[in-house]
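Peer 1: Have a look; sequence and predicted model below, questions after that.
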Amino acid sequence: MAVGPFARLLAQIVVPVVAVLARALPAAYAQALQNARKAGVDAAEASAPVFGKRISRSEALQVLNLTEEELAANPEAVQKQFERYFAANDVSKGGSFYLQSKIYRAHELLMEFQKEKRQEEQES
């Protein structure tokens, strides 16, 4: 007989807690994405899982041995460095598949960034 009042008390505590969490978690997630956008992080990058995370822009520049100034002065430098390092790390020539994949991802990220930058310039 004591289970009935205990279950009712438990339900009166659990139901409001779940309701609050159901509203608070999506709001917190939305706020985190908004903060990431303000910090200059892409929403897709901010919401990416830890194990599928893309490399950062600074890491991509380091992988391809480029600086921001070189990138701004010569957009073709990304393709040039990519071809150079990708060929140098060819697995059939004794290179590293891991390094090749890092080089490919760095190239992919920087090319995407340049594409977005060109679109912004065209809109302006």
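Peer 2: Looks like it arrived, so ask away. Numbers count the residues shown, from 1 in each chain.

Peer 1: which residues touch Q100?
Peer 2: 86, 89-91 (C-beta atoms under 8 Å, 6 or more residues apart in numbering). In this view, the C-beta of every residue, glycine as well, is placed from N, C-alpha and C.

Peer 1: Just the buried ones out of the residues you listed, please.
Peer 2: Neighbour-count burial (16 or more other C-beta atoms under 10 Å) applied to these gives 86, 89.

Peer 1: right, and out of the contacts of Q100, which lies closest to V78?
Peer 2: Of all the contacts of Q100, F86 has the smallest distance to V78: 11.8 Å, by C-beta to C-beta.

Peer 1: what's the neighbour count on K117?
Peer 2: K117 is flanked by 13 other residues according to other C-beta atoms under 10 Å.

Peer 1: Just the helices from this protein, written as ranges.
Peer 2: According to DSSP state H, the chain carries its helices in the segments 3-38, 43-46, 57-63, 68-73, 77-88, 97-123.

Peer 1: averaging pLDDT over each of these, which comes out lowest?
Peer 2: For the helices of the chain, mean pLDDT drops lowest on helix 43-46, to a mean of 56.

Peer 1: for stretch 69-80, the distance to its chain's centre please.
Peer 2: 22 Å (C-alpha atoms, centre = their mean, to the nearest Å).

Peer 1: Right, I'll leave it there.
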